[in-house]
Structure formats: C-alpha cells, structure tokens
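**Student:** need a 3D model of the following:
(one chain, ligands or ions: 1)
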Amino acid sequence: MAENQATEALFDVAEQLLEWGIFMLKCLIPIIWLQSIFSPFQFLVLSVVVLLGYFLLTLSPPHDSAEPPLVKPKIPVLGHLIGLARSQVSYYSHISTQTQLPAATLPIAHRKVYVLFDPILQQAAIKSKDMEAQSFELFASQIFGLTENTVHKIVGRDKDMESSHGTTDMEQVFKVAFSGDRLSKLINTKLGALADTLNAISDGQGVEAENLFQWLRETVSRATSKALWGEKANPYLDEEVMEAQWNFDTHMDNLLLGFLPSIVARTAYYARKRVNAALEPYYRAHYDQDDPTVSEFVRGRARVLRSYGLPDDEIAKHEVSIMIAATTNAIPTLFWCNARMFVHPGLLAEIRDEVSSALAVVLPTIAEDESNSKSDQEEVKKEIKIPLVGLEAKCPLLASVHKECLRLASQAVTARRVLADTTVFNPDGGQTYLLKANKDVIMPAKVVHRNPAIWGANDADTFNPRRFLDTSEQQGKQLEKESGSGGGGEKLARLRKAAFVPFGGGRFLCPARKAVYMENVAIMAAVALGFEVVGLDEGCLVMGDTGRGGIASPLEGMEGAKVNIRRREGWEGVVWSFG
Ligand code: HEM
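**Tutor:** Residues are numbered from 1 along each chain as shown. Next up, the predicted model:
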C-alpha cells in the first residue's frame with residue numbers, strides 16, 4: 001500500500017514538473033523579447049534554449065496517416081504514462097470514451113503504442129501470425145529475479161523451437177497438460193480437495209471467515225497447489241509459503257522499477273525470497289519428476305527448463321509464476337460468481353431449482369412433501385456428485401452468471417509485439433489500420449466487455465445474470481433496439497462473440513480455459529445447492545482495478561464483510577463430490 005502511494009506521489013511530482021516546465025518556458029518569452037533590445041547574442045542563445053526545451057517537452061514520434069489516429073496526451077511527452085500509472089487499465093477506457101475511436105496511437109516520449117478498442121480489430125490483430133507475446137523478455141529478470149543468462153537461454157531456445165516446428169516447447173507442454181487424462185487428473189484432484197473442505201463444514205455452526213474472498217482464496221489455493229505440485233512434497237502446504245506467494249502476487253509490480261528492490265519493493269522482494277526458498281529444495285530433490293501425483297503442467301515445464309540447462313535454483317525462481325497463472329484470475333472469478341449468487345436471493349433460488357432438476361436431486365421442501373418417504377430424503381442427502389461434463393448445457397442460467405461475472409470482472413490487457421507491418425481491417429465499420437513492425441499493440445478487454453453499443457446502452461456496466469442465456473437472432477434484434485445500433489441481430493451476436501475475451505486470444509489463448517469453465521460451474525452448483533453464505537453485504541462489495549490486467553479482485557476492505565459459511569437447512573450431512 002505504502003509503495004503504491006509512493007509511486008503515485010512520484011507521478012504527481014513528474015506531472016507537476018512537466019506542467020511547470022512548459023509554463024516557465026512560456027513565461028520566458030517576454031523576458032527574451034526584452035533581452036533582444038539589450039543583447040542580441042543573449043537573445044539568440046535564450047531563444048535556442050527555449051525552442052529546444054519546448055521541442056523536447058512536446059515532441060512525439062513520427063506518425064503515418066495509415067496508422068491508427070494519434071491521440072496526444074494533455075500533458076506532453078509523458079502524459080499517457082502518467083495516466084496509465086494513475087488510472088491503470090481504466091486509462092484505456094477513459095481514452096476510448098473520450099475519443100470514441102476504434103483504435104488509437106498513443107505517443108509516449110519518442111515511442112508509441114497502438115491501442116485497439118474495436119472488438120473486430122482486436123480479433124484481426126490477435127489472430128495475425130505476425131504478433132508475438134513478448135512480455136516474458138521484458139520483465140522476467142526484474143520480477144522473478146532471474147539472471148540475464150537464464151532469460152536469454154529461455155527466449156533463445158523457445159525461438160529455435162518455434163522456427164523448427166512452429167510452436168515453442170512450453171506451448172507443447174500446455175497442449176499435453178490441458179487435454180485428455182492429464183486435464184481430468186488436474187481437475188479431479190483440485191475439486192476433490194475442494195470437496196474435502198466443503199464436507200468438513202460442520203452442520204449447524206459452519207465456518208466463520210473474515211470475508212468470502214479470503215475464504216475462497218485459502219480454500220482454492222490449497223486445492224490448486226495439491227493438484228499442481230503433488231502429494232509428496234507440495235511446497236505450498238506450509239501456510240507461510242502460501243501467504244508469501246499471495247504477497248508476491250499482490251506487490252510484484254513494484255519490482256518492475258528494477259531499482260534497489262529490497263528497499264523500493266520490499267514486500268514483494270522478501271515474499272519472493274520466501275517462496276524461492278521453498279521451491280528450490282523441491283526442484284533439487286526432483287520431486288517434479290519423481291512424484292507420480294505431480295501435474296503434467298509442473299512436470300513438463302521443469303523438464304523443458306532443465307533441457308535448456310537451467311540450474312535448480314533458477315527453475316525455482318521461474319516457477320513462482322505457476323501459482324500466479326493458476327490462481328490470480330481463477331480465485332477472483334469464483335469470488336464474483338458466488339458473491340453475486342448470494343446477494344441476489346431470487347437468482348439464487350432459480351439457480352438452486354435449475355441445478356437440482358439438472359442433477360435430479362430433490363430439494364428438502366419437496367422431499368418433505370408427504371408423497372416422499374423419509375428413506376428417499378436420506379438417500380438424497382447421503383452423497384451428491386456434481387458432474388463435470390455437460391453441466392453448463394444442463395444449467396444455462398448458472399453458465400450465464402459465470403460468463404457475466406467474467407465479462408464484468410475481466411480487465412485483461414492483451415499485449416502483442418508486431419513482428420512485421422500488419423494491416424487490420426473491420427469490414428463492418430470499413431476501418432483499415434496499419435500496425436508497424438516492432439511496435440506494441442494493446443487490446444484492453446475492459447473496453448470491449450463494457451461497450452454499450454454491444455452489450456446494451458442501459459446495462460453494459462451492470463450485472464445481468466441472463467445476458468448469456470439466449471444468443472438467438474431474436475435477442476440480437478432486441479439488443480439492437482436497446483443499443484440503438486444499426487445492422488442485423490446476427491451482426492450484433494457476432495460482435496458479442498468478438499467482444500468477449502476474458503481468456504485472451506489467438507495463439508496465446510489461456511490453455512486452461514476449458515478447465516476453468518468446468519470447475520467454476522461445478523463449484524458454483526455445489527455451493528448454491530448445499531450452503532448459505534450468511535452476512536454477505538452487497539453494500540460492502542466493490543470491485544477494484546487490476547494494475548497489470550486480469551480478473552479484478554474486490555477492493556481491500558470491500559470484500560462483502562464477515563461471513564458465516566454454513567450448510568443449508570435440510571442439506572446437512574450431504575457428502576459432496578465432483579466427477
Ligand atoms: C478465470 C480464470 C482464468 C482466466 C480469466 C485466465 C486468463 C488468461 C489470459 C487473459 C491469458 C493471456 C492470453 C493472451 O495473451 O492472449 C492467460 C494465459 C495463460 N493462462 Fe490463464 N486464465 C485463467 C486461469 C488459468 C489457470 C487455472 C491456469 C493454470 C492452471 C492458467 C494458465 C495460463 C497459462 C500457462 C497462460 C500462458 C499461455 C501462453 O503464454 O501461451 N490460466 N490466461
């Protein structure tokens with residue numbers, strides 16, 4: 001918190017200095033003019049100084065008219081950087097609202113980045129073969145503390161592999177780890193561990209939690225770590241290590257400065273050190289290869305890194321990123337899904353009905369009906385297995401709530417480096433833009449996820465649990481009427497598809513997306529059916545902004561208040577399982 005305030009203060013100072021610099025230069029003009037009367041030489045020198053200063057403070061990179069329109073910042077040179085530091089991912093939304101452009105070129109000092117606001121243009125760029133995700137090279141050594149040698153080895157070998165068989169070694173690992181039996185094992189182990197937590201909730205009193213977010217974070221992180229790192233030597237079984245991982249995840253952006261990290265980014269620096277100290281013995285002892293319960297995700301990645309010649313300590317540093325990928329987005333998504341169900345009692349009742357009929361389990365109120373015998377009830381209560389396959393299709397309202405929560409909470413900022421000059425085209429709007437080689441393209445999900453012309457003029461920013469229920473042409477027509485946009489309903493349905501990008505897109509699309517859909521809907525079903533979240537307060541529930549993009553968490557202190565998670569009346573004693 002203190003580090004963030006310091007950064008904010010730094011940017012305030014920079015902004016003030018720039019404003020003052022320009023103001024002073026302007027003030028100098030009459031003085032220089034006066035000077036010209038007494039000393040032509042001093043007049044000449046001062047004029048050159050002022051002109052040079054003004055040029056440096058207002059310069060922007062050359063711009064081709066075929067590129068997206070140039071949007072100059074209010075504060076010259078560093079204005080966009082200051083805006084981004086202050087408003088983070090929402091800065092792109094501000095620019096989109098202010099300019100109403102489908103795409104923009106943002107000059108930052110002598111460099112520029114393209115930002116695509118239009119979903120069709122985003123899809124055109126994201127699917128182009130001439131775009132590369134380059135973030136690893138840019139921040140890996142500062143964020144993870146890797147040596148330059150390690151970064152070069154990884155990037156160099158990845159590039160060799162890519163040119164020889166079209167995909168990188170890591171992409172191959174993702175393909176295997178997130179398909180077939182490996183995927184089933186990953187999901188079953190994680191959900192098995194989650195079921196253990198649910199089953200341990202006592203009848204009657206339930207569990208008290210500081211807030212629902214914290215409870216989910218502990219529960220889901222524990223289950224995820226077991227599924228990923230295996231049962232023999234899971235380094236995250238130690239609560240201190242898990243806590244350090246969360247601290248690292250929350251504060252790691254401060255390490256990007258790369259300057260005196262143990263002072264400037266103290267929390268992240270020491271948290272990383274603690275996690276490294278737990279992961280290093282794990283890799284040194286080769287648990288990743290020797291324990292058969294370890295996931296293919298952990299095993300395959302380490303195998304690749306070893307084949308690149310990385311020592312165990314560098315592998316340990318690199319693999320701090322595993323829990324970030326697996327929990328940073330997944331946990332807040334699950335939080336919003338469950339929180340939104342429980343703060344809308346009418347919706348919760350509908351979901352409970354939908355799930356119980358899909359699973360053919362009898363609700364206690366129905367079971368208490370005289371036509372049902374007591375033995376029926378007991379049988380129902382004994383064990384309920386939530387199926388993983390086909391649940392979404394059987395529970396369309398549940399699936400719609402899940403997607404709507406992803407839509408509202410996703411602030412993913414997909415970034416790509418343009419490898420060769422690329423033209424992106426939107427046939428509907430007729431816009432064509434040139435994206436030049438070696439520039440970066442930013443595609444902010446928040447802008448397209450909340451575009452009123454696509455999602456509805458009245459409720460693009462608000463939660464509509466039924467939004468994803470019906471994708472028929474008729475709904476498209478209704479939307480068209482609401483948003484006032486022209487064109488057929490089909491066009492709007494197409495736009496919506498393009499404008500829903502919580503998992504990124506193209507070649508670097510999240511490899512775990514199928515697992516996420518299956519797991520989240522199953523967990524929501526079990527929690528809705530068998531539990532109550534007492535005390536959840538909608539008035540204390542506010543979404544924050546993510547610094548680096550991804551799924552937004554609730555603001556600190558606004559996670560919905562203290563809660564009691566307890567078994568639903570009539571559903572005590574149920575043994576939950578998934579499969
Ligand atoms: C709600 C949950 C999740 C969301 C919203 C999400 C979203 C994303 C996004 C936006 C990307 C970047 C895609 C791009 O650049 O186009 C990504 C990449 C990735 N995600 Fe996820 N993710 C989720 C859960 C997970 C989980 C549970 C895992 C692992 C167990 C995972 C593993 C990865 C990996 C390894 C990548 C990098 C892919 C690459 O570089 O090719 N994600 N995810």
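**Student:** list the contacts for the closest residue to the ligand within the chain?
**Tutor:** Among the residues of the chain, residue 504 lies closest to the ligand, at 2.1 Å counting by Cβ to the nearest ligand atom. No exception for glycine: its C-beta is placed from N, CA and C like everyone else's. Listed by Cβ atoms under 8 Å, 6 or more residues apart in numbering, the contact set of residue 504 reads 126, 412, 414, 510.
**Student:** out of these, who's the most crowded?
**Tutor:** Within these, residue 412 tops the neighbour count with 25 neighbours, counted by other Cβ atoms under 10 Å.
**Student:** same question for whichever strand or helix holds residue 358: list its buried residues.
**Tutor:** Take DSSP states H and E as the rule and residue 358 turns out to sit in helix 345-359. Of the residues in helix 345-359, 347, 348, 350, 351, 352, 354, 355, 356, 358, 359 count as buried by neighbour count, 16 or more other Cβ atoms under 10 Å.
**Student:** with the residues you listed in mind, which one is nearest to residue 396?
**Tutor:** For the buried residues of helix 345-359, the residue nearest residue 396 by Cβ to Cβ is residue 354; the value is 7.7 Å.
**Student:** and that closest one, what pLDDT?
**Tutor:** pLDDT recorded at residue 354 is 96.
**Student:** ok, residue 117 next?
**Tutor:** Each residue has a pLDDT score; the one for residue 117 is 97.
**Student:** need the residues that contact the helix holding residue 358.
**Tutor:** Outside helix 345-359, the residues that touch it by Cβ under 8 Å, 6+ apart are 340-342, 362-363, 384, 386-387, 391, 394-398, 401, 465, 524-525, 528-529.
**Student:** what does stretch 447-457 give?
**Tutor:** With contact meaning Cβ under 8 Å, 6+ apart, stretch 447-457 is reached by 92-93, 96, 117-119, 122, 407-408, 410, 460-461, 464, 467, 479, 482-485, 492, 495-496, 498-502.
**Student:** which parts of the stretch 151-300 of the chain sit against the ligand?
**Tutor:** Contacts of the stretch 151-300 of the chain with the ligand, taken as Cβ under 6 Å from any ligand atom, map to 171, 174, 297.
**Student:** check which helices and strands the helix or strand harbouring the last one is in contact with.
**Tutor:** Taking DSSP H and E as the criterion, residue 297 maps to helix 296-307. Helices and strands in packing contact with helix 296-307 are listed as helix 169-177, helix 180-199, helix 212-229, helix 287-290, helix 312-318, helix 320-327; criterion 3 or more Cβ pairs under 8 Å, 6 or more residues apart in numbering; DSSP states H and E.
**Student:** so who does residue 407 touch?
**Tutor:** Each residue near residue 407 by Cβ under 8 Å, 6+ apart is listed here: 449, 455, 467, 500, 502.
**Student:** what is the nearest of the contacts of residue 504 to residue 537?
**Tutor:** Proximity of those to residue 537 was ranked by Cβ to Cβ; the top entry is residue 412 with 28.3 Å.
**Student:** report pLDDT for the closest one.
**Tutor:** The predicted local confidence for residue 412 comes out at a pLDDT of 94.
**Student:** tell me how far the closest residue in space to it that isn't next to it in sequence lies from residue 251.
**Tutor:** In space, and not counting its chain neighbours, residue 412 is closest to residue 445: 4.1 Å by Cβ to Cβ, 6 or more residues apart in numbering. Shown here: residue 445 relative to residue 251, a distance of 23 Å by Cβ to Cβ, to the nearest Å.
**Student:** so for those two, which sits in the more crowded spot?
**Tutor:** A direct count of neighbours by other Cβ under 10 Å for residue 445 and residue 251 places residue 445 higher, at 29 against 21.
**Student:** confidence score at that one?
**Tutor:** Each residue has a pLDDT score; the one for residue 445 is 97.
**Student:** now do residue 55
**Tutor:** Model confidence at residue 55, given as pLDDT, is 63.
**Student:** the ligand next: which of the contacts of residue 407 are close?
**Tutor:** Within the set of the contacts of residue 407, contact with the ligand (Cβ under 6 Å from any ligand atom) is found for residue 502.
**Student:** out of the contacts of residue 407, who has the most neighbours?
**Tutor:** Neighbour tally across those (other Cβ under 10 Å): the maximum, 27 neighbours, falls on residue 455.
**Student:** what distance do you get for that residue to residue 250?
**Tutor:** For residue 455, the distance to residue 250 (Cβ to Cβ) stands at 30 Å.
**Student:** before we move on, what about residue 282?
**Tutor:** Computed as Cβ to Cβ, the residue 282 to residue 250 distance reads 23 Å.
**Student:** looking at those two, which is more packed in?
**Tutor:** Each of residue 282 and residue 250 had its neighbours counted (other Cβ under 10 Å), and the higher figure belongs to residue 282 (25 against 17).
**Student:** what's the closest non-adjacent residue to the more buried one?
**Tutor:** Sequence neighbours aside, residue 235 is the residue nearest to residue 282 in space, at 5.0 Å (criterion: Cβ to Cβ, 6+ apart).
**Student:** equivalent analysis for residue 460, please.
**Tutor:** Distance criterion Cβ to Cβ, 6+ apart; nearest residue to residue 460, sequence neighbours excluded, is residue 452 at 4.3 Å.
**Student:** got the residues of the stretch 151-300 of the chain next to the ligand as CSV, with neighbour count and pLDDT columns?
**Tutor:** Formatted as CSV, these follow (neighbours: other Cβ atoms under 10 Å; pLDDT from 0 to 100):
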residue, neighbour count, pLDDT
171, 16, 92
174, 20, 96
297, 24, 97
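**Student:** go through those residues and name the one nearest residue 428.
**Tutor:** Proximity to residue 428 was ranked across those by Cβ to Cβ; first place goes to residue 171, at 32.0 Å.
**Student:** touching the ligand at all, stretch 112-131?
**Tutor:** No. Where contact is defined by Cβ under 6 Å from any ligand atom, no part of stretch 112-131 touches the ligand; the two come within 6.7 Å at best.
**Student:** pull out the buried residues from that stretch.
**Tutor:** Neighbour-count burial for stretch 112-131, with 16+ other Cβ under 10 Å as criterion, is recorded at 112-126, 128, 131.
**Student:** distance from that stretch to the middle of the chain?
**Tutor:** 18 Å (Cα atoms, centre = their mean, to the nearest Å).
**Student:** likewise stretch 81-93?
**Tutor:** Here stretch 81-93 is found 16 Å from its chain centre; the criterion is Cα atoms, centre = their mean.
**Student:** likewise for stretch 319-327?
**Tutor:** Stretch 319-327 has its C-alpha centroid displaced from the chain centroid by 13 Å (Cα atoms, centre = their mean).
**Student:** ok, stretch 190-199 next?
**Tutor:** Using Cα atoms, centre = their mean, the offset of stretch 190-199 from its chain centre is 25 Å.
**Student:** distance of residue 257 relative to residue 422?
**Tutor:** In this structure, residue 257 and residue 422 are 32 Å apart, going by Cβ to Cβ.
**Student:** doesn't residue 415 make contact with residue 444?
**Tutor:** No. Using Cβ atoms under 8 Å, residue 444 is not in contact with residue 415; the gap is 9.6 Å.
**Student:** what about those two, which has more around it?
**Tutor:** In this view residue 444 and residue 415 are compared by other Cβ under 10 Å, and residue 444 has more residues nearby, 26 against 19.
**Student:** quickly find the element holding the closest residue in space to the more buried one that isn't next to it in sequence.
**Tutor:** Excluding the flanking residues, the one nearest residue 444 by Cβ to Cβ, 6+ apart is residue 92, at 4.0 Å. Remark: residue 92 resides in helix 90-99, with elements defined by DSSP H and E.
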